[in-house]
Every structure is written in C-alpha cells, then in structure tokens.
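Student: 3D, please:
(2 chains)
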Amino acid sequence: MINRRSIEVAVGLFIAAGLAALFMLAMKVSNISAFTEGNGYQLSARFENIGGLKVRSPVTMGGVRIGRVAAIEFDQNAYQAVVTLRINPQYDRIPKDSSASIYTSGLLGEQYVGLEPGADDTYMRDQDSISLTQSALVMERLISKFLFNQTVKENGGS
Amino acid sequence: MDWLQSLGRTGLILFERLGRGHLFLLRVFGGMSDTLLRPSLLIAQMYSIGVLSFTIIAISGLNVGMVLGLQMYNTLVDFGAEDSLGQVVALSLVRELGPVVAALLFAGRAGSALTAEIGLMKATEQLSGMEMMAVDPIKRVVAPRFLAGMLSMPLLAAIFSAVGILGGFFVGVGLLGVDSGAFWSQMQANVDLREDIVNGVIKSFVFGFVATWIAVYEGYDTVPTTEGVSRSTTRTVVHSAFAILALDFVLTALMFGGI
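Tutor: As a prediction, the model looks like this:
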C-alpha cells in the first residue's frame, strides 16, 4: 500500500495537470479575447451581396482584426443585406467616411469585412452605419461576365 | 401472447431499473455533503479513478492527435490548406474526440473497476457489514467514488485534448513541415473559448457524471454472486458507451448544430 502522503501528492499533481491542460486550451488554443468582445461598439453596413460572409467572420482594418460580424439580416424593403459589425472598444477612431468591402482571404479562404479608412475628422460611434460599401465578388458572376465579353468580342470581330 | 408477455416483462424490468437508478442517484446526492466533510476519502478515490487513468488517457490522446495530424495533413495538402491543420486538429479534439474518447476510455478503465469493486464488496457482504455497524455504505463507499469520477472526467478530457494538440503539433510542424506560426495562429483565430472549449468541458462533465453513475449503480445493484459481478462489469462498459455516444449526439445538436 502506498502511503497517504504520496497518494495526496499524486492527486495534487493530477489536478494540477488537468488545470494546466484547461489553462493551455484556454490561453494557447482559443482566442481569449472573446470575453472582451462583448462590450465593443456596433456599426452597420448594407451590402448588395454578402457572398459567403458568416456571423463571427473577422472585421479587419489594414489586415488587423479589429472586430467580428455580430449579425446578418436581410432588409426586405431595400433588398439588401444588413451586416452588424462589432468593433473592439480600443479601436474608436474609425473615420466617418470609411468604406467597407467583403474580401476573401486566399482563393478558397473564408470571407471577411475589410474597412478602408477615409479622411474625415469625425469618427464612427455606436450604431453608426457605413454608407460606402462594396459587395462580395461572386465567382460565378465574374466568370459569366468574362465569358459574355469573350463572345461579344468574337462576334464583333467576325 | 407469450411474445407480448415477454415484451411487457422486459419493459417493466427496464423501467424498474431506471427508477431504482434515479432513486439511488438521489440517495448519493444526499450523501455527498458528508463526503465533502471528509476529503481524505475523496482523495483516495481521486487517486484510483483519476491518477491511475492518467497514463492511458495521455498516451491515447497523444496517439489520436498524431493520427489526426497525419490524416488531416494528407487531405488538406491537396487543397493547399495545410496551414489550417492546427484549426482542424484543435476543433475536432476539443469539441468531439477529447470528451468522447476520454469518456469511453474512462468507462473502460475506471468505470469497470468501480463496478467490480463495489459489486465484490456487496458479494462479500462488506456493504451489509457496514450497515450493521450503522455506517451508511452510500455515504462511505458510493458518494466519494461518484464525486471523484465526476471531478476527474473533465480534467482527464482536458488532458486528452491538450496532449492530442501537442501530438498534432509534433506531427504537423515537426515531421510534415507545416509552419509553426500558421499552426497556432489559425488555431487561435478559429477556436472560441466559450463556444468550443467551455462546451467541450460541459460535455466531458456530463459524460463523467453518466459514466460514473452507471458504474456505481451497477456495482451497488449487482446480483451478489461471481457471475453477477462479472455481468454488471460488462454492462457498465456497454451501457456507458451507449449513453456517452447517444448523449454526445444530443449535446452536439444542442451546442453546435442548428437543429
């Protein structure tokens, strides 16, 4: 029989290892910033087409993630997608005339909202909306446009 | 007629066992407070349930992570997406494989031992001996084991996932040449603390609860013969596996699936 002290030490080590594993999962594996995102401020933007954008997709400025997509809704009156962006509170100096576009990271990567800073002296505040937007590039549309142009050219040439 | 009768009898036995299992659970909860007052009993059980399961959990986690890294790499490299290896390995371990495989191993390693131990205590009349001395066997024997199993399981699942991710890292970055920065950054960008990790911990907690409950109940309710104990031990492993896999589907649908 192992004595009591070594049993207690072993259990202590086990609990410490378990907690260390949980700590590693929380700190090293996940984005711990998820907790601070709850208290950011919200902007909205209207797009003709959002492509494959999803809730929780990143919002970036200059390539740096400054927030996430909080909600996506469809406005039945304007036939536009209304995307709500939640921006982290420390990024509070986004000019009023900034523009939002939907980009794809890589050829097959996920889609994200990229903000381009404008030149205005006033800054976006909570519940403001971004008026300059550019929709997602839909691959099928590009291809069909390209093919259409090709045929027109060929027909015009002959 | 005979067919109907046997069906009815099976149903009645099933419901009787379920009912007794729940009453038993209530009694165990009643005895839980006494366990908290005597932590030495709990620590002894944490040792035999948690610490002794550590080796099999850690080794299995390492192997599962390594295999996952290897297989996923072969698929992802076709799409030129091998940078997201870290994300794939971490998500599948934290959400599914960690809690489920650790719980199945836990049921096989610790659950069967619990059933056999309590069942043999009953078969050798140690439990009735305790009752004769006015010691409640539920408080003295069952409750500490139950609590220890419930507390050990989330820790074991977390160890499984963490070691598995390290195994995937070793294979992906060390052997197959995935960029180390991309491995971790893709993982961190796509694994969410609340959505993925906390849900995984909740899963493993539920599995630990159910697996330990089945194990101690089968032991306590066993037919006190050699054959009865062996049957109960088998039933513990089989029923735990069923319960864990079925609950996993329900929990996954509630947590991640938009059903």
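Student: going forward, measure contacts between C-alpha atoms and count neighbours the same way
Tutor: OK.
Student: A:Ile66 belongs to a strand?
Tutor: Yes: checked against DSSP: H, G, I helix; E, B strand; the rest coil, A:Ile66 lies within a strand.
Student: gap between it and chain B?
Tutor: In this view, A:Ile66 and chain B are 12 Å apart by Cα to the nearest Cα, to the nearest Å.
Student: near chain A, which residues of the stretch 151-259 of chain B? Just list them.
Tutor: B:154-156, B:158-159, B:161-162, B:184, B:187-194, B:197 (Cα under 8 Å from any Cα of the partner chain).
Student: what does the stretch 1-150 of chain B have sitting close to chain A?
Tutor: Near chain A, when you scan the stretch 1-150 of chain B using Cα under 8 Å from any Cα, you find B:Ile43, B:Ala44, B:Met46, B:Tyr47, B:Gly50, B:Val51, B:Phe54, B:Ala90.
Student: quick one: which two of those are the most distant?
Tutor: Greatest spacing in the residues of the stretch 1-150 of chain B next to chain A, by Cα to Cα: B:Ala44 and B:Ala90 (32.9 Å).
Student: those two: which is more packed in?
Tutor: A direct count of neighbours by other Cα atoms under 10 Å in any protein chain shown for B:Ala44 and B:Ala90 places B:Ala90 higher, at 36 against 19.
Student: what's near enough to touch the closest residue in space to the more buried one that isn't next to it in sequence?
Tutor: Spatially, and ignoring its direct neighbours in sequence, B:Ala90 is nearest to B:Ile165 (6.0 Å; Cα to Cα, 6 or more residues apart in numbering or on different chains). By Cα atoms under 8 Å, 6 or more residues apart in numbering or on different chains, B:Ile165 lies in contact with B:Leu62, B:Gly65, B:Gly86, B:Val89, B:Ala90, B:Leu93.
Student: next one: B:Ser33
Tutor: No contacts exist for B:Ser33 under Cα under 8 Å, 6+ apart.
Student: most neighbours out of the contacts of B:Ile165, which is it?
Tutor: B:Ala90 (36 neighbours).
Student: verify the stated contact: that residue with A:Val29.
Tutor: Yes: counting by Cα atoms under 8 Å, B:Ala90 touches A:Val29, with 7.3 Å between them.
Student: shared neighbours, those two?
Tutor: With Cα under 8 Å, 6+ apart as the test, B:Ala90 and A:Val29 both reach B:Met187, B:Val191.
Student: what does A:Ile130 show for phi and psi?
Tutor: phi -90, psi 120 (degrees, to the nearest 10).
Student: likewise for B:Glu125?
Tutor: phi 60, psi 30.
Student: that one: how many residues sit nearby?
Tutor: B:Glu125, neighbours per other Cα under 10 Å, totals 13.
Student: chain neighbours aside, what residue packs nearest to B:Arg140?
Tutor: Spatial nearest neighbour of B:Arg140, excluding adjacent residues (Cα to Cα, 6+ apart): B:Thr35 at 7.6 Å.
Student: repeat that for A:Gly63.
Tutor: With Cα to Cα, 6+ apart, the residue lying closest to A:Gly63 is A:Gly114, at 7.6 Å.
Student: could you do B:Arg95 as well?
Tutor: Nearest to B:Arg95 is B:Gly200, by Cα to Cα, 6+ apart, at 5.1 Å.
Student: great, nothing more from me.
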